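**Student:** Sequence unavailable; structure follows:
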């Protein structure tokens, strides 16, 4: 069952496990803000924790981020909304992947509204209808979480993240004879987001679906 078009990004239920995930990804500075250095980790963590606790929308988070960093980062409303979407999607997918593991799942698939806003990258990925091994995604997630920006610095942390879970660029799209996107080749992150303002999500695959 895919995600219906037009729905807002859902922050989901808040709990201790999500709080741990928020702490790890923000402390390790998985999210970088244009014009802001390593000092962004703590306020980002606090904002994300509040967002999950209070059930903020992506617009709520975008507004809060803009206000928090207005003195040092002169970015557009479009940028802050995109960053909020990216943050919420990354947190949610980390939580989902852990949830699939707790449920005893071993595979997952990708879903997307597949509408006129869907990128060619996601058309290729979701349209290929592949089943992904959860163990591979969990391994990548663990490596991402192990990045310690406090020890290695922002630039090295950024380089490691790009090496471990790089976003997809359009040159990696495989096309059919009619030029339609049908797959993606090369190294890339095994779970969303796959690109800026990505709307693709993961979905657990149940054992009976593999028969």
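**Tutor:** Yep, that arrived. In this text, all values refer to a predicted model and were calculated from it rather than measured experimentally.

**Student:** Can you pull up the most central residue in this protein?
**Tutor:** With distances taken as CA atoms, centre = their mean, residue 90 lies nearest the centre of the chain, 2.8 Å away.

**Student:** What strand or helix carries it?
**Tutor:** Assigned by DSSP states H and E, residue 90 belongs to helix 77-102.

**Student:** partner strands of the helix or strand following that helix, parallel or antiparallel?
**Tutor:** Helices and strands here follow DSSP H and E; after helix 77-102, the next one along the chain is strand 107-111. Sheet pairing for strand 107-111, assigned by DSSP bridges, gives strand 132-133 (antiparallel), strand 201-205 (antiparallel).

**Student:** Tell me what angle strand 107-111 forms with helix 77-102.
**Tutor:** 150 degrees (axes from the mean of the first three to the mean of the last three CA atoms, to 10 degrees).

**Student:** Quick check: the residue nearest to the centre of the chain touching residue 194?
**Tutor:** No. Residue 90 lies out of contact with residue 194 (CB atoms under 8 Å); the separation is 11.3 Å. For the C-beta atoms, the positions are set from N, CA and C on the backbone; glycine is no exception.

**Student:** mind listing the helices for this protein?
**Tutor:** 16-27, 41-54, 58-68, 77-102, 120-127, 134-145, 149-152, 154-164 (DSSP state H).

**Student:** And the pLDDT for the most far-flung residue of the chain relative to its centre?
**Tutor:** Using CA atoms, centre = their mean, the residue of the chain lying farthest from its centre is residue 177. It sits 31.3 Å away. Listed pLDDT for residue 177 reads 96.

**Student:** List phi and psi for it.
**Tutor:** Main-chain dihedrals, residue 177, degrees, to the nearest 10: phi -70, psi -20.

**Student:** Near residue 182, how many other residues are there?
**Tutor:** Around residue 182 there are 15 other residues, counting by other CB atoms under 10 Å.

**Student:** Contacts only, for it.
**Tutor:** 124, 127, 128, 174, 175, 176 (CB atoms under 8 Å, 6 or more residues apart in numbering).

**Student:** That one and residue 126: what is the separation?
**Tutor:** Distance of residue 182 to residue 126, computed by CB to CB, to the nearest Å: 11 Å.

**Student:** next one: residue 189
**Tutor:** Taken as CB to CB, the span from residue 189 to residue 126 is 15 Å.

**Student:** same deal with residue 103?
**Tutor:** Residue 103 is 22 Å from residue 126, by CB to CB.

**Student:** neighbour-wise, which of the two wins?
**Tutor:** Taking other CB under 10 Å, residue 103 and residue 126 do not tie; residue 126 has more neighbours (20 against 10).

**Student:** from memory that one sits against residue 115, does it?
**Tutor:** No. Using CB under 8 Å, residue 126 makes no contact with residue 115, being 11.5 Å away.
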